[in-house]
Structure formats: structure tokens, C-alpha cells
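Engineer: A predicted structure for the sequence below; I have some questions about it.
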Amino acid sequence: MTTLQDVFAKAKAENRAALIGYLPAGFPSKEGAVKAAAAIVEAGCDVIEIGLPYSDPLMDGPTIQDAVHVALSQGTRIADVMRTVEGVAATGAATLVMTYWNPIDRYGADRFARDLASAGGTGTITPDLTPEEAEPWRVASAEAGIDTVFLVAPSSTPDRIKAVVDCCTGFVYAASLMGITGARDSVNAAAEGLVARTRAHTDLPVCVGLGIGNGRQAAEVAAYADGVIVGSAFIRLLLDAPDEASGLAAVRKLAAELAEGVRQR
């Protein structure tokens, strides 16, 4: 299993940022999710976040919501998420699950952590789990040997940043803006300051997500962050593709562009 620590050590040695891609399990199909992830790994993506489809996505913009709707309509369940993790981890990429807390809570925190570790997953990102409520999940994750990633935002105070990073083990997810996911014309200028403020409280890698969709933006963020996170831009290409082969070719091309971008820091 490739760990997050392996990924960031390699990226640092190559004087670049890590490239992190997000795709929901079950989209564009259960098998297609693994194929799409493998395509972007082959093109230079270091880490894959597998989204756990959820019916009440507080943070997801319309593009990810559309993909999640497809996944849920095809009956994607947690067992399918674990199978997707197993398939993606086999590519050699460090593989995370990004999920809201409710599905973990209903499944059972200890069971979820164990099953994820058994599937080859290296950790989770839990965007709606607060530090005040995170202790049971942190304990379950530590016992299973997987990392925990939490989010800071431009509005986070120094005390809040400190509380969040103290819960993180893999990296810190710096949301570039307040609001929902989605590729944008430019990356919020607040992101660079948020990374600097976060680094004042931790030695963990700080990775920026939300609003990044092309190589130019990836290079811009890679100049100050340890990792660049892209999701909606990949998903939009898959949603718009006339067939699976075209979608795979499109996401592979974008991943190659982004991989070049993170190397231009």
C-alpha cells in the first residue's frame, strides 16, 4: 500500500506538489470509477480520493451532485466503495475515501476503519466532522492504521486551525473558498494566506482544493501548497463524454496537464 507519507516525501524530493484527484465511487459506473481513476493515475495523479455517494451532500456543487446521483441510482453502497478503493489502490496510488460522517456512523466507525484498511485505503477525509466530535473516529482510524484528514477554511481562526490540524495525520485539506465544490475561472486569493496560516500550526503537508480545474491553476497553487486537489473538472469531463472511452481519454489528458502544472512550481 502506498501511504500519504510516501507520496509527499516523493513529491518533496522532486521539488513539486502532489496531485490529488477526486472521483465518486459508482460513477460513471461501478467498474468505470476504477477505470477513470486508473487513467488519471497513469497520467500522473499521486493520490485518489474516492467519494462515498451520499444523498445529502452539504459541500458538493452541482457537478459532483450530478455524479453522485448517477452513482446512487445505480445502487452504489459502502461495499462498492470498498471494492473501488481496492481496485484503485492496486494502481499504486495512495487511496482515500472522502465521506460525510453519517455513513461512517451508521456503518460503525471501527468496522468502517477496519474494512477501509483491509481494502488498501490509506485514510479518510471527513468534511463535516468537527474536532469536538472527532475523537471516536480518530481512535478507530489509529487502531486500523489509517490517516485522518480534516478541513480548514478561509474563515478559520487561528484557534480553529490549531484544533483542526491537531486532528489530522495525513495532510490538512485547505478549502480555497467558502462554499461548494466546482471548477472556477480563478483560484480564490485567500488560499495562499490560508496555507501560510495553517503551516504556522503544523508540519503536515497542506493541500488546496475547490476551484482548481486546469494546469495553469495547478501551477499557481503548487507554488505555495504541498498538494493540489482536483475533482469537479474530472467529473465534468466524464459527465459530458458521449461514451466511456471518450471520457477516459478526456480525464487522462486533463490529468497530464495538471501533473505538468504541479511540476512548474
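Structural biologist: Looks like it arrived, so ask away.
Engineer: for the stretch 101-250 of the chain, what spans make up the strands?
Structural biologist: 123-125, 147-149, 151-152, 172-175, 206-209, 227-230 (DSSP state E, counting those that start in this stretch).
Engineer: ok, the second one: who's next to it in the sheet?
Structural biologist: Looking at strand 147-149 with DSSP bridges, its partner strands are strand 123-125 (parallel).
Engineer: and what of the fifth one?
Structural biologist: Taking DSSP bridges as the criterion, strand 206-209 sits next to strand 172-175 (parallel), strand 227-230 (parallel) in its sheet.
Engineer: which residues are contacting the first one?
Structural biologist: This points to strand 172-175. Applying C-beta atoms under 8 Å, 6 or more residues apart in numbering, the contact partners of strand 172-175 are 125, 127, 149-154, 164-165, 191, 194-195, 198, 202, 204-210, 225, 229. Any C-beta I mention is one placed from the backbone N, CA and C, and that applies to glycine too.
Engineer: Same question for the last one.
Structural biologist: Outside strand 227-230, the residues within contact range by C-beta under 8 Å, 6+ apart are 8, 11, 17-22, 46-47, 49, 171, 173, 183, 205-210, 212-213, 218, 221-222, 254, 258, 261-262.
Engineer: got any ranges where this protein has weak pLDDT?
Structural biologist: Regions of the chain meeting the criterion pLDDT under 70 cover residues 57-58, 177-188, 265.
Engineer: helix or strand for the residue nearest the centre of it, which one?
Structural biologist: Computing the C-alpha centroid of the chain and ranking residues by C-alpha atoms, centre = their mean puts Glu49 first, at 3.8 Å. Assigned by DSSP states H and E, Glu49 belongs to strand 47-51.
Engineer: residues making contact with that strand?
Structural biologist: By C-beta under 8 Å, 6+ apart, strand 47-51 touches 4, 7, 18-25, 33, 37, 40-41, 64, 67-68, 81, 84-85, 88, 91, 93-99, 125, 227, 229, 231.
Engineer: hmm, 7 Å instead?
Structural biologist: Applying C-beta atoms under 7 Å, 6 or more residues apart in numbering, the contact partners of strand 47-51 are 4, 7, 18, 20-25, 37, 41, 81, 84-85, 88, 93-98, 125.
Engineer: and if you look at stretch 7-20?
Structural biologist: Residues contacting stretch 7-20 (C-beta under 7 Å, 6+ apart): 44-47, 49, 94, 205, 207, 222, 225-229, 258-259, 262-263, 265.
Engineer: Any of these buried? List them.
Structural biologist: Neighbour counting over the contacts of stretch 7-20 (16 or more other C-beta atoms under 10 Å) leaves 44-47, 49, 94, 205, 207, 222, 225-229, 258-259, 262-263, 265 as the buried ones.
Engineer: residues of the one helix or strand Lys12 maps to that come out buried?
Structural biologist: According to DSSP H and E, Lys12 maps onto helix 4-13. Across helix 4-13, burial judged by 16+ other C-beta under 10 Å covers 4-5, 7-8, 11.
Engineer: Sheet partners, orientation included, of whatever helix or strand comes next after it?
Structural biologist: Counting by DSSP H and E, the next helix or strand C-terminal to helix 4-13 is strand 18-24. Using DSSP bridges, strand 18-24 pairs in its sheet with strand 47-51 (parallel), strand 227-230 (parallel).
Engineer: Tabulate those (a markdown table), appending distance to Leu237.
Structural biologist: As requested, the strands paired with strand 18-24 are exported to a markdown table (distance: least, C-beta to C-beta, whole Å):
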| stretch | distance to Leu237 |
| --- | --- |
| strand 47-51 | 16 |
| strand 227-230 | 11 |
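Engineer: ok, for Ala43, nearest residue in space, not its chain neighbours?
Structural biologist: Ala255 (3.6 Å; C-beta to C-beta, 6 or more residues apart in numbering).
Engineer: What of Thr2?
Structural biologist: In space, and not counting its chain neighbours, Thr2 is closest to Ala94: 4.6 Å by C-beta to C-beta, 6+ apart.
Engineer: Tell me the bridge partners for the one you found.
Structural biologist: Beta-bridge partners, per DSSP bridges, of Ala94: Val47.
Engineer: Quick one: residues contacting it.
Structural biologist: 2-4, 6-7, 46-47, 122.
Engineer: I appreciate the help and will end here.
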